[in-house]
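>>> pasting the sequence and the predicted coordinates here, then a few questions.
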Amino acid sequence: MKATYLCPHCRGAINAGNNIILSAKTKSKKVGLILLHEEIGNYASEQSSSLSVEEGEVVDLFCPVCHESLNIPIKDALAKYIRIDENLKESFIVISRKYGERITFKVDENKHIESYGEKLSRYIDPDWFLLK
Ligand SMILES: [Zn+2]
């Protein structure tokens, strides 16, 4: 069985095919969908033509099912959602909301952290894992 990704609010599945599908809004109020590859550390992504997010732009991310915010409410531009792996183990995936920034964390139920991607030095302080 493949991994399933869930919204932390409604626990609706937010992946289909090989993509995680997120609803997005830019600071200039452009809206659309962002598709992220479901494989952790694979930064292939696609977006709706109505969004046209540029490299370095920060977007607000929402669940495509219930429309709740997936943003983590701290100064760093991060979002989180839930991953359930093939053994039904649940973890949080934390990603950057800055387009083109390749940062991913996986935090399991014991708060064990695995990090993927680049430019990790900004996020060493793990306090924000405890934020709801
Ligand atoms: Zn939801």
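Structure received.

>>> how much space separates residue 110 from residue 85?
As for residue 110, its distance to residue 85 is 14 Å (criterion: CB to CB, to the nearest Å). C-betas here are computed from N, CA, C, even on glycine.

>>> quick one: which of these two has more around it?
When residue 110 and residue 85 are compared for neighbours, residue 85 comes out ahead with 14 against 7, by other CB atoms under 10 Å.

>>> list the contacts for that one?
3, 91 (CB atoms under 8 Å, 6 or more residues apart in numbering).

>>> got the phi/psi numbers for it?
Dihedral angles of residue 85 (phi, psi; degrees, to the nearest 10) stand at phi -80, psi -180.

>>> near the ion, which residues of the protein?
By CB under 5 Å from the ion, the residues of the chain that approach the ion are 7, 9-10, 12, 63, 65-66.

>>> buried subset of those?
When the residues of the chain next to the ion are checked for burial by 16 or more other CB atoms under 10 Å, the buried set is 7, 9, 63, 65.
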